[in-house]
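1. Fold the stuff below for me.
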Amino acid sequence: MTSFLRNFRLGIGRDEDRRSNSLSESDGSFSRHSSIQGPHREGIDTSFPVYCTVKTQFRTPGVYARSILSLGNGVGIHHIEGDIARPKFHLNQGACIGDVGYMNENGGFYYCFNVLYPSDHPIQRKEVPPNFSPIQPPLSPEEVRTVSNHFTSGTVMATEGIEVSRISDSPLKVEFVTSAREGAILILPTGATREELIDPSRIYPYVKEHAASWYQWLNGDSGEIAETPISNGTLWVITGVDRVDSWAMATFPAQKIVGMNAEKQTRFKYNEENSNSAWEGDSQSRPLWYDAGRFSDGVLGAVLLSVLSVALNPSQWSRHVAYIPPKCVRNCPVLPAPSLGLQARLQEALARIMGTIKPPSRDDPEGYFHPSIILLHILLLTDPSAVVGIVADSVWCSQLNGRLWTHPEVIQLVRRVIDNFDVVNTDGIATFTPKKPSENGLIAAPSRQRRGLTSTFARIFPWVGKRPDEKPNAPVLQNMCKVLWIPE
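-> Sure, this is the predicted structure:
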């Protein structure tokens, strides 16, 4: 088997020059039944997005979503208003617990249906999946927690590398300075209310029962070709939502400008008193995208979501869901390495020498990054007997350290998840479950903290120097290497 086919079998790579080798027709076209007779029968999995690096992604929604994820508050919604064609009941809430949907190209949450209500409820769209029925028994009010003012008025969230100076609280005026390669800011002038499902595992069995039919409804059945697919692992069930009546956000870079000085500091300000535009930015040094808005008449918007990410076992996908041609496989892009500081330059130099940055590089890829896509892929490679994989945002949020998503940082985070969670299959549902205490009642102490050059080396090569007690994790670590393109 060629290395190309090996990578495709794992669903972790594609090669533009060799795509034609995977097609069922000599002219590069697919027959209606190619997903049954061709690639799936060979075991090739194109259902998952491809993890890749990108020098700089200039699609603002992708930059914003990836950056906000690093803060650990959930998924940041770039397009607050969302799809205005959805039911008014849903529009007034922004998003709701039980919503099923996905991130669209505009950085908004595309709402499909809600699992908590019957098909004739005002929250539902005109079309829902065939034979749809809500979760039973219904959720009780005690299973949902609402926290008013979870984020207080004037809350400012800024990603790594952005210096924040609060000039005044009333009116709210804030100045920002940065020379980071990319980043995002979210301001909540009047705060936010959080609503969350206390125990998300309550709906796991329901998700397992219906996940295949959801993906099939969105993509087509196994005798079809999905040209605009909702990729495996990108379908969400909302378990928490932060709602606001006003917001302001900014993202950089917003577009590519020839000769843009990547090292030059960028200064911009937020001033809620400014009636024309609350944002003032230095667009010559770093293109800045910004937005601000306020709802009225009791309408609310969702700025942050907590979700369950759901993936099918590839064999289940091939049995029930339309085949995704290689040319239509989505990407899951991150930056190859930070662009600032001695440590960042050292990381890039070491990685170049050792040949560790293996993911394919895309100039401007389709798709967006979410760590659960990677974790789900690892889950289902590790336990192929599972029907579905489910990853709650709490799994990866608990392991964050506030750094922007780069290839070394993704490796570090996945390694921390593997160190602190076990892969558990419960009735066909694969999840990451916190490790249980050892016989003496204690969880194994983490390895000694490394400093200086040793720390930098460990950040690039976190899979080396395994301790003896890590042997049980060997299959998971091997699958981490496959998905993240780490040479074994």
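2. Quick check, central residue of this structure?
-> H370 (1.6 Å; C-alpha atoms, centre = their mean).
3. from what I can see that residue touches L305, true?
-> No - between H370 and L305 there is no contact under C-beta atoms under 8 Å: 11.2 Å. Bear in mind the C-beta positions are built from the backbone N, C-alpha and C, glycine included.
4. overlap in contacts of the two?
-> Common contacts of H370 and L305 (C-beta atoms under 8 Å, 6 or more residues apart in numbering): V75.
5. if I pick the residue nearest to the centre of the chain, what's in contact with it?
-> A65, L69, V75, M103, T234, S309, C332.
6. what about the closest residue to the fifth one other than its chain neighbours, which SS state?
-> This means T234. Distance criterion C-beta to C-beta, 6 or more residues apart in numbering; nearest residue to T234, sequence neighbours excluded, is Y102 at 5.2 Å. Using DSSP: H, G, I helix; E, B strand; the rest coil, the structure places Y102 in strand.
7. May I have the beta-bridge partners of Y102?
-> Note on Y102: beta-bridge partners Y110, judged by DSSP bridges.
8. pLDDT at it, what is it?
-> Here, the pLDDT recorded for Y102 equals 96.
9. Which strands and helices lie in contact with the host helix or strand of S318?
-> Per DSSP states H and E: S318 is located in helix 314-320. Applying 3 or more C-beta pairs under 8 Å, 6 or more residues apart in numbering; DSSP states H and E, one finds that helix 314-320 contacts helix 204-219.
10. Any buried residues in the helix it packs on, and which?
-> By 16 or more other C-beta atoms under 10 Å, the buried positions in helix 204-219 come out as 204, 206-208, 210-212, 214-219.
11. could I get the residues you listed as a markdown table with pLDDT and distance to L188?
-> Listed next are the buried residues of helix 204-219 as a markdown table, based on pLDDT from 0 to 100; distance: C-beta to C-beta, whole Å:
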| residue | pLDDT | distance to L188 |
| --- | --- | --- |
| Y204 | 98 | 31 |
| Y206 | 98 | 32 |
| V207 | 98 | 31 |
| K208 | 98 | 36 |
| H210 | 97 | 34 |
| A211 | 98 | 33 |
| A212 | 97 | 38 |
| W214 | 97 | 32 |
| Y215 | 97 | 34 |
| Q216 | 97 | 38 |
| W217 | 97 | 35 |
| L218 | 96 | 32 |
| N219 | 96 | 36 |
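12. what is the mean pLDDT for stretch 307-326?
-> 95.
13. My error: substitute stretch 251-268 in the last question.
-> pLDDT averaged over stretch 251-268 gives 62.
14. measure it end to end?
-> 11 Å (C-alpha to C-alpha, to the nearest Å).
15. mind starting the numbering at 725 from now?
-> New numbering, starting at 725: the last item is stretch 975-992.
16. need the strands for the stretch 825-974 of the chain, in chain order.
-> Taking DSSP state E, counting those that start in this stretch as the test, the strands found in the stretch 825-974 of the chain are 833-838, 868-875, 879-882, 886-892, 897-902, 907-912, 916-921, 959-968, 970-976.
17. Indicate which one of those strands is closest to Q1123.
-> Among these, the nearest to Q1123 by C-beta to C-beta is strand 959-968 (18.1 Å).
18. Would you mind getting the angle between the closest one and strand 907-912?
-> Counting by axes from the mean of the first three to the mean of the last three C-alpha atoms, to 10 degrees, strand 959-968 lies at 50 degrees to strand 907-912.
19. so strand 959-968 versus strand 916-921, what angle?
-> Going by the same axes, to 10 degrees, strand 959-968 makes 150 degrees with strand 916-921.
20. quick one: which of the contacts of H1094 is nearest E884?
-> Taking the contacts of H1094 together and measuring to E884 by C-beta to C-beta, the closest member is L793, at 11.8 Å.
21. was I right about the closest one contacting V787?
-> No - the criterion here is C-beta under 8 Å, and L793 misses it with V787 at 11.1 Å.
22. Counting by contacts, list what whatever helix or strand comes next after the helix holding S1042 packs against.
-> Proceeding N to C from helix 1038-1044, the next assigned helix or strand is strand 1055-1058, under DSSP H and E. Counting contacts by 3+ C-beta pairs under 8 Å, 6+ apart, strand 1055-1058 is packed against strand 774-778, helix 784-793, helix 1131-1144.
23. Please enumerate the helices of the chain.
-> Under the criterion DSSP state H, the chain carries helices at the ranges 727-733, 758-761, 784-793, 812-815, 928-943, 1038-1044, 1065-1078, 1095-1106, 1117-1121, 1131-1144, 1176-1184, 1198-1207.
24. Rounded mean pLDDT for the third one, please.
-> If I follow you right, that is helix 784-793. 91.
25. for it, the distance to its chain's centre please.
-> Centroid separation for helix 784-793 versus its chain: 9 Å, with C-alpha atoms, centre = their mean, to the nearest Å.
26. Please name every helix or strand in contact with it.
-> Looks like helix 784-793 contacts strand 799-800, strand 907-912, strand 970-976, strand 1055-1058 (3+ C-beta pairs under 8 Å, 6+ apart).
27. Paired strands for the shortest one, with orientation please.
-> Looking back up the chat, that one is strand 799-800. Strand 799-800 has these strand partners (DSSP bridges): strand 1025-1036 (antiparallel).
28. Give me the buried stretch members for the strand it pairs with, please.
-> G1025, A1026, V1027, L1028, L1029, S1030, V1031, L1032, S1033, V1034, A1035, L1036.
29. burial of the closest residue to the fifth one other than its chain neighbours, as a residue count?
-> Read it as L1029. In space, L1029 comes closest to V799 once its chain neighbours are excluded; the distance is 4.5 Å by C-beta to C-beta, 6+ apart. If you count neighbours by other C-beta atoms under 10 Å, V799 ends up with 26.
30. Show the contacting residues for V799.
-> Applying C-beta under 8 Å, 6+ apart, the residues near V799 are A789, I792, L793, M827, F833, W960, L1028, L1029, S1030, V1031, H1094, D1117.
31. which one of these is nearest K993?
-> I792 (20.1 Å).
32. so how far is A789 from the closest residue to the closest one other than its chain neighbours?
-> Excluding the flanking residues, the one nearest I792 by C-beta to C-beta, 6+ apart is G800, at 2.9 Å. Counting by C-beta to C-beta, to the nearest Å, the gap from G800 to A789 is 6 Å.
33. and if you look at A882?
-> Using C-beta to C-beta, A882 is found at 16 Å from A789.
34. Same question for N1203.
-> 25 Å.
35. G818: neighbour count?
-> Going by other C-beta under 10 Å, the residues that sit close to G818 add up to 25.
36. quick one, what contacts it?
-> I804, G806, V965, R967, L1024, G1025, A1026.
37. make it 7 Å
-> V965, R967, L1024, G1025, A1026 (C-beta atoms under 7 Å, 6 or more residues apart in numbering).
38. If we only consider the residues you listed, which is nearest to R849?
-> A1026 (17.0 Å).
39. Looks like the closest one contacts G964 (just checking).
-> No - A1026 is beyond contact range of G964, at 10.0 Å (criterion: C-beta atoms under 7 Å).
40. The helices and strands packed on strand 1055-1058: which one's closest to T990?
-> helix 784-793 (14.0 Å).
41. which residues touch the closest one?
-> Counting by C-beta under 7 Å, 6+ apart, 781, 799-800, 802, 827, 829-831, 883, 906-908, 910, 975, 978, 1013, 1058, 1092-1094, 1128-1129 sit against helix 784-793.
42. which ones are touching the residue nearest to N995 when sequence neighbours are not counted?
-> Spatial nearest neighbour of N995, excluding adjacent residues (C-beta to C-beta, 6+ apart): K897 at 5.0 Å. Listed by C-beta under 7 Å, 6+ apart, the contact partners of K897 are I891, Y994, N995.
43. Cool, thanks, signing off.
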